[in-house]
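[1] Pasted the sequence and its predicted model underneath.
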Amino acid sequence: MFRTSLTVLGVLIGTTAVIVMVSLGVGLSSSFTSQFQNINLRQVSVHGPAAPEQATPGMPTKMNDAFKTYLEAVPGAQAVWPVYSAEMEFSIGGSSMNMSVTGLPAEAFPHMDLPLAWGELPRRGTFGLLLGDMLASQFWDENTGMPLEVDFRTQTVFGTLTSWGEYGPVPLDGGGEGDDPSAPPKPAKRHILPIVGELYNENEDQWGPNSMMVWADLDALITWMQKALPGKALPNQPATSDGKPLGKEFIYSEFRVLTEDPEAAEAMLNTLREQGIQASAEVEWIRQAQGQAVMIQAVFGGIGFISLLVAAIGIANTMMMSVYERTKEIGIMKVMGAALGDIRKMFLIESATIGFWGGVLGLLLSLAVSAVLNATLGSAMGDVGGGAGQLSVIPLWLMVGAVAFATLIGTLAGMIPAQRAMKLSPLAAIRAE
């Protein structure tokens with residue numbers, strides 16, 4: 001009995017090691033995927049056309065409307081949205097910060113999975129900004145260095161169009177033609193920025209892909225900038241030597257291609273890259289994170305499996321000793337007509353029972369260890385990175401699989417002792433002391 005209890009303890013420890021190790025891998029996998037929440041996996045971002053030497057005949061080499069038409073003809077593209085970004089300095093309550101305002105057609109926003117804390121999505125033809133969920137926490141008092149309490153619903157936000165120069169952002173709408181070069185430059189123009197909404201983040205301390213984004217309707221943004229910079233070319237647009245617009249062609253910063261599902265997005269990404277087009281997709285990072293998580297689970301599970309393998313050797317040793325101790329009993333059973341299969345079944349059931357109860361007790365201990373890890377290390381990680389802090393996650397499939405695997409290991413460990421019991425000679429077994 002004592003030997004059997006020790007064997008069950010060995011299986012218990014091995015099962016606990018397997019479950020806890022794999023649960024850590026599952027927890028890391030959940031942590032990886034939670035970082036990509038609110039990301040639309042159906043979209044592909046196009047950052048630039050193919051280089052002239054790679055472009056096929058008829059492929060546009062500029063990020064213009066002709067290139068948009070070309071992308072719309074690529075198989076799998078459901079919609080193509082042009083994107084234009086402009087640098088701007090935001091000022092509120094005596095604090096300022098440089099941001100990039102991203103213009104996107106208003107019809108694209110319903111497909112962007114942008115949950116609202118308040119307000120509405122940008123409307124077509126109306127200039128208004130939709131702000132990321134972390135933007136309000138990024139304004140600091142320049143005198144005290146303390147964060148400001150910002151409420152975009154009640155406070156006025158001012159904006160100054162800028163462009164990145166050699167030493168940082170440079171205002172675009174300061175000064176003027178005919179000014180005396182020796183005179184100090186005129187202060188940059190400040191524009192009141194209408195705020196139409198702010199994004200919602202259920203994990204207040206966890207950053208998301210849109211936490212620092214500033215969105216606007218594309219056409220409305222371009223129209224507003226043209227009024228703010230009369231007679232001047234917009235940033236990153238064709239211009240003459242004196243900064244005036246050159247032609248009517250508009251160059252976009254990016255294109256968003258909407259596909260049917262994530263698999264179609266992967267296929268679209270591969271197609272575009274084969275043509276030399278510069279593209280990326282969020283689903284690509286998800287796949288990489290999933291691959292890393294599977295590898296981590298395999299490594300952790302392998303470490304735990306070693307402990308369970310040691311426990312299997314213990315089961316085999318216990319059952320072999322049981323055969324030696326019950327040799328006479330086995331002989332009597334054979335003389336009384338017990339079938340060889342019945343004798344083998346008896347030992348296999350005993351070894352499987354050891355594995356089963358070791359697995360069940362190991363599962364209970366694993367649940368306790370997992371709870372302790374989540375309450376200590378998990379909560380600490382949650383304080384640092386945000387989220388629920390689930391360091392160890394034990395799904396149902398792992399619970400059932402661990403107990404079933406421990407039972408299987410016990411059964412296999414009893415095979416050799418059962419075979420030995422079957423091969424014992426009845427007369428020799430009865431004479432054995």
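    Okay, I see it.
[2] quick check, Ala216 in a helix?
    No: under the criterion used here (DSSP: H, G, I helix; E, B strand; the rest coil), Ala216 is strand, not part of a helix.
[3] For Asp151, see how far away it is.
    Here Ala216 is placed at a distance of 20 Å from Asp151 (Cβ to Cβ, to the nearest Å). Bear in mind the C-beta positions are built from the backbone N, C-alpha and C, glycine included.
[4] do the same with Ala402
    Ala402 is 51 Å from Asp151, by Cβ to Cβ.
[5] Looking at the two, which has the bigger crowd around it?
    Ala402 (25 against 10; other Cβ atoms under 10 Å).
[6] Confirm the more buried one sits in a strand?
    No: secondary structure assignment (three-state DSSP) places Ala402 in helix, not in a strand.
[7] what pLDDT does it get?
    We have a pLDDT of 87 for Ala402.
[8] again with Val170
    So Val170 comes in at 54 (pLDDT).
[9] Gly304 too?
    Looking at Gly304, its pLDDT is 74.
[10] Could you do Asp383 as well?
    48.
[11] can you tell me the distance between the two ends of stretch 193-213?
    With Cα to Cα, to the nearest Å applied, stretch 193-213 spans 15 Å between its terminal residues.
[12] pull the helix or strand with minimum mean pLDDT from the chain.
    Ranked by mean pLDDT, DSSP states H and E, the weakest helix or strand in the chain is helix 379-385, scoring a mean of 50.
[13] now Val360: how far from Met225?
    68 Å.
[14] Can you spell out which helices and strands pack onto the longest helix anywhere in the chain?
    Criterion DSSP state H: the longest helix present in the chain is helix 282-325. In terms of contacts (3 or more Cβ pairs under 8 Å, 6 or more residues apart in numbering; DSSP states H and E), helix 282-325 is packed against helix 2-34, helix 262-274, helix 340-373, helix 396-413, helix 415-423.
[15] and the first one, how far out from the chain's middle?
    Relative to its chain's centre, helix 2-34 lies at 25 Å (Cα atoms, centre = their mean, to the nearest Å).
[16] tell me the angle of it relative to helix 396-413?
    150 degrees (axes from the mean of the first three to the mean of the last three Cα atoms, to 10 degrees).
[17] Could you list the low-confidence segments of the stretch 151-300 of the chain?
    164-187, 204-205 (pLDDT under 70).
[18] and if we set it to 90?
    160-190, 201-211, 228-233, 235-248, 260-263, 282-300 (pLDDT under 90).
[19] all strands of it, in order?
    157-165, 168-171, 191-193, 195-199, 214-217, 254-258, 278-280 (DSSP state E, counting those that start in this stretch).
[20] re the thing from before, out of the helices and strands packed on helix 282-325, the one nearest Gly132 is which?
    helix 2-34 (18.1 Å; Cβ to Cβ).
[21] got the buried residues for the next helix or strand after that closest one?
    Per DSSP states H and E, the first helix or strand lying C-terminal to helix 2-34 is strand 43-48. Buried positions in strand 43-48, judged by neighbour count with 16 or more other Cβ atoms under 10 Å: 43-44, 46, 48.
[22] Could you export the residues you listed as CSV, including pLDDT and distance to Tyr252?
    Formatted as CSV, the buried residues of strand 43-48 follow (pLDDT from 0 to 100; distance: Cβ to Cβ, whole Å):
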residue, pLDDT, distance to Tyr252
Gln43, 90, 15
Val44, 94, 15
Val46, 95, 9
Gly48, 92, 10
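[23] Which two of those have the greatest separation?
    Maximum distance among these (Cβ to Cβ): 16.7 Å, for Gln43 and Gly48.
[24] picking up where we left off before, I'd like the helices and strands packed on helix 282-325 as TSV, with distance to Thr144 appended.
    Formatted as TSV, the helices and strands packed on helix 282-325 follow (distance: least, Cβ to Cβ, whole Å):
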stretch	distance to Thr144
helix 2-34	35
helix 262-274	46
helix 340-373	40
helix 396-413	51
helix 415-423	75
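[25] Single out the most deeply packed of these.
    Stretch with highest mean neighbour count among these: helix 2-34 (a mean of 21; mean count of other Cβ atoms under 10 Å).
[26] which helices and strands does it pack with?
    helix 282-325, helix 340-373, helix 396-413.
[27] Give me the next element, helix or strand, following the longest one.
    Proceeding N to C from helix 282-325, the next assigned helix or strand is helix 327-335, under DSSP H and E.
[28] name the helices or strands packed onto that following helix?
    So helix 327-335, by 3+ Cβ pairs under 8 Å, 6+ apart, packs with helix 340-373, helix 426-431.
[29] So for Ile277, which of these sits nearest?
    It is, among those and with distance given as Cβ to Cβ, helix 340-373, at 45.8 Å.
[30] Now do that closest one and helix 282-325, the angle between them.
    Using the same axes, to 10 degrees: helix 340-373 against helix 282-325 is 130 degrees.
[31] Quick check: mean pLDDT of helix 340-373?
    87.
[32] Please apply the same query to stretch 128-145.
    Rounded mean pLDDT across stretch 128-145 is 87.
[33] May I have that stretch as CSV, with CA atoms only?
    The C-alpha trace of stretch 128-145 is given here as CSV (Å, rounded to 0.1, in the frame of the first residue of the first chain):
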residue,chain,number,x,y,z
GLY,A,128,-13.6,66.6,-37.1
LEU,A,129,-11.1,64.6,-35.3
LEU,A,130,-11.5,61.2,-33.7
LEU,A,131,-8.9,60.7,-30.9
GLY,A,132,-7.2,57.6,-29.5
ASP,A,133,-8.0,56.4,-26.0
MET,A,134,-4.5,57.2,-24.6
LEU,A,135,-4.2,60.7,-26.1
ALA,A,136,-5.7,62.5,-23.1
SER,A,137,-3.0,61.1,-20.7
GLN,A,138,-0.1,62.4,-22.8
PHE,A,139,-0.4,66.1,-22.0
TRP,A,140,1.9,67.4,-19.2
ASP,A,141,2.2,70.6,-17.3
GLU,A,142,5.4,72.2,-18.6
ASN,A,143,6.1,73.9,-15.3
THR,A,144,5.5,71.1,-12.8
GLY,A,145,6.0,68.1,-15.1
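[34] My guess is Ser91 contacts Gln155. True?
    No: using Cβ atoms under 8 Å, Ser91 makes no contact with Gln155, being 10.6 Å away.
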